[in-house]
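# give the three-dimensional model of this entry:
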Amino acid sequence: MHIQAGDLELLVRAADADDDDFIFGIVPRFVDFELPPWRKRTTVTEGIRRDLDRHLEHEPPGSFMLVAETDDGKRVGFLHLQTMTDFFSGGMNCHISDLAVAKGWDGKGIGRALLGYAEEFANEHRCERLTLAVFPGNERARKMYEQAGFGTEMLRLTKPL
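Down below sits the predicted model:
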């Protein structure tokens with residue numbers, strides 16, 4: 001499917017084995033901000049890598065790994081969506097597990113375009129809600145999500161032991 005990101009037209013397609021290095025190469029972007037003091041960058045990065053590897057390797061049902069590329073084939077971002085049952089209503093939700101834009105492509109509307117794609121995907125799959133989780137220190141992403149209509153539903157509190 002083609003989407004518009006500012007002046008760019010992007011193709012969003014299913015990830016394949018040739019995309020693994022690209023996807024894993026973006027992982028440092030997920031910790032490129034102030035993390036909570038009890039979270040170490042290396043631990044968070046390794047956890048994200050393990051989860052991505054599991055989804056890329058086993059392709060579990062309800063998991064959709066997508067890559068965005070320019071018309072000349074340059075990969076500029078990826079999106080990982082998961083459909084899941086809502087705890088409260090029992091209806092279907094779509095969860096944005098991962099959304100990342102490649103370094104050097106910030107500020108071109110790619111993240112917003114991928115959010116738009118996720119919303120279309122959720123509507124097509126008859127989901128009740130589109131959900132995501134974000135670290136408090138990731139202010140740039142939080143601002144984009146809030147501008148796109150996301151609001152806080154529940155706060156997850158942590159106490160290191």
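# and for the helix or strand containing residue 50, what are the contacting residues?
Per DSSP states H and E: residue 50 is located in helix 41-58. Applying C-beta atoms under 8 Å, 6 or more residues apart in numbering, the external contacts of helix 41-58 come out as 15, 20, 23-24, 27-28, 30-31, 35, 60, 63, 65, 80, 97-98. C-beta coordinates here come from the backbone N, C-alpha and C atoms, glycine included.
# next, the buried residues of that helix.
Residues of helix 41-58 classed as buried: 44, 48, 52, 55, 56 (neighbour count, 16 or more other C-beta atoms under 10 Å).
# so for that helix, mean pLDDT?
Helix 41-58 comes out with an average pLDDT of 96.
# next SSE downstream of that helix?
Counting by DSSP H and E, what follows helix 41-58 is strand 63-69.
# and after that next one, which helix or strand comes next?
By DSSP H and E, the next helix or strand past strand 63-69 is strand 75-85.
# list the buried residues of stretch 147-161.
Across stretch 147-161, burial judged by 16+ other C-beta under 10 Å covers residue 150.
# now swap in stretch 93-112 and tell me
By 16+ other C-beta under 10 Å, the buried positions in stretch 93-112 come out as 93-102, 105, 108-112.
# can you tell me which of these are in helices?
Counting by DSSP state H, these place 110, 111, 112 in helices.
# in PDB, list the C-alpha atoms belonging to the helix holding residue 50.
Written as PDB, here are the backbone C-alpha positions of helix 41-58 (Å, rounded to 0.1, in the frame of the first residue of the first chain):
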ATOM      1  CA  ARG A  41      19.900   1.000  27.700                       C
ATOM      2  CA  THR A  42      21.500  -2.300  27.000                       C
ATOM      3  CA  THR A  43      18.800  -4.300  28.800                       C
ATOM      4  CA  VAL A  44      16.000  -2.400  27.000                       C
ATOM      5  CA  THR A  45      17.800  -2.800  23.700                       C
ATOM      6  CA  GLU A  46      18.300  -6.500  24.100                       C
ATOM      7  CA  GLY A  47      14.700  -7.000  25.200                       C
ATOM      8  CA  ILE A  48      13.500  -5.200  22.100                       C
ATOM      9  CA  ARG A  49      15.800  -7.300  19.900                       C
ATOM     10  CA  ARG A  50      14.600 -10.500  21.400                       C
ATOM     11  CA  ASP A  51      11.000  -9.600  20.800                       C
ATOM     12  CA  LEU A  52      11.600  -8.500  17.200                       C
ATOM     13  CA  ASP A  53      13.600 -11.600  16.500                       C
ATOM     14  CA  ARG A  54      10.700 -13.800  17.800                       C
ATOM     15  CA  HIS A  55       8.200 -12.000  15.600                       C
ATOM     16  CA  LEU A  56      10.500 -12.000  12.500                       C
ATOM     17  CA  GLU A  57      11.500 -15.700  13.000                       C
ATOM     18  CA  HIS A  58       8.200 -17.200  14.000                       C
END
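# before I go, just wanted to say thanks for your time.
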